[in-house]
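A.B. asks: Dropping the sequence and predicted coords here.
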Amino acid sequence: MAIAVYYESETLPRLAAFFYAQALEERNHALMMVRYLLDAGVEPVVPGVAAPQHGFADVVAPVAHALEQERRVSEQINALAALARQHGDYTSEQFMQWFIKEQVEEVATMADLLRVVERAREDPLRAEEYLAREAKGEVGADPTAPPVAGGQM
């Protein structure tokens, strides 16, 4: 969300919209995990989080930061799947497979966007044009996605 706000403050609406959508998607991923834990009879614990970074050196830094976050999340997802397997919890391991697939897509998308904004560092409107041209639009819900706590929002 902080990255979206940064881009909006820089009057880069397509980059802002991309990251607002990312924030909503990540929220829903967390709610998928909450729903799974509730369905499995485990009380979810929602931890506090540190304040997000909100100042960036240039238009490239937020995307580099987001890519680093996606890579870190991929490591965490893989660790959860490995832990489930180690404990013989094949149901949870299977649940994590969707997230593993999703993270491959997330990392690839962010890596591509980073290459674009690096090339457009001096003219960020080129990155805006890229997003306008390459926008995938609403593709519809992934029928393989786990359910979200609280329903789809």
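C.D. replies: On my side now, so go ahead.

A.B. asks: Next, work out how far apart the residue of the chain positioned farthest from its centre and residue 3 are.
C.D. replies: Distance from the centre of the chain peaks at residue 88, with 28.1 Å (CA atoms, centre = their mean). With distances defined as CB to CB, to the nearest Å, the gap from residue 88 to residue 3 amounts to 39 Å. In short, each C-beta sits where N, CA and C put it, glycine included.

A.B. asks: which residue ranges form the helices in this protein?
C.D. replies: Counting by DSSP state H, the chain has helices at residues 2-9, 13-39, 61-86, 90-119, 125-134.

A.B. asks: List the buried residues in the longest one.
C.D. replies: Read that as helix 90-119. 92-93, 95-96, 98-99, 102-103, 106, 109-110, 113-114, 116-117 (16 or more other CB atoms under 10 Å).

A.B. asks: Next: the first one.
C.D. replies: When burial is assessed from 16+ other CB under 10 Å, helix 2-9 yields the following buried residues: 2-4, 6-7.

A.B. asks: Point me to the residue sitting closest to the centre of this protein.
C.D. replies: Nearest to the chain centroid, counting by CA atoms, centre = their mean: residue 26, 4.7 Å.

A.B. asks: Just the pLDDT at that one, thanks.
C.D. replies: On pLDDT, residue 26 comes in at 94.

A.B. asks: can I get the CA coordinates of stretch 1-20 in CSV?
C.D. replies: Extracted in CSV, the C-alpha atoms of stretch 1-20 (Å, rounded to 0.1, in the frame of the first residue of the first chain):
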residue,chain,number,x,y,z
MET,A,1,0.0,0.0,0.0
ALA,A,2,2.9,2.4,0.9
ILE,A,3,4.4,1.9,-2.6
ALA,A,4,1.0,2.7,-4.2
VAL,A,5,0.8,5.8,-2.2
TYR,A,6,4.3,6.8,-3.2
TYR,A,7,3.5,6.4,-6.9
GLU,A,8,0.3,8.3,-6.5
SER,A,9,2.1,11.1,-4.8
GLU,A,10,4.5,11.2,-7.8
THR,A,11,1.5,11.4,-10.2
LEU,A,12,2.2,8.0,-11.7
PRO,A,13,-1.4,6.6,-11.6
ARG,A,14,-0.8,3.4,-13.5
LEU,A,15,2.1,2.4,-11.1
ALA,A,16,-0.1,3.4,-8.2
ALA,A,17,-3.0,1.3,-9.5
PHE,A,18,-0.7,-1.7,-10.0
PHE,A,19,0.4,-1.5,-6.4
TYR,A,20,-3.0,-0.8,-5.0
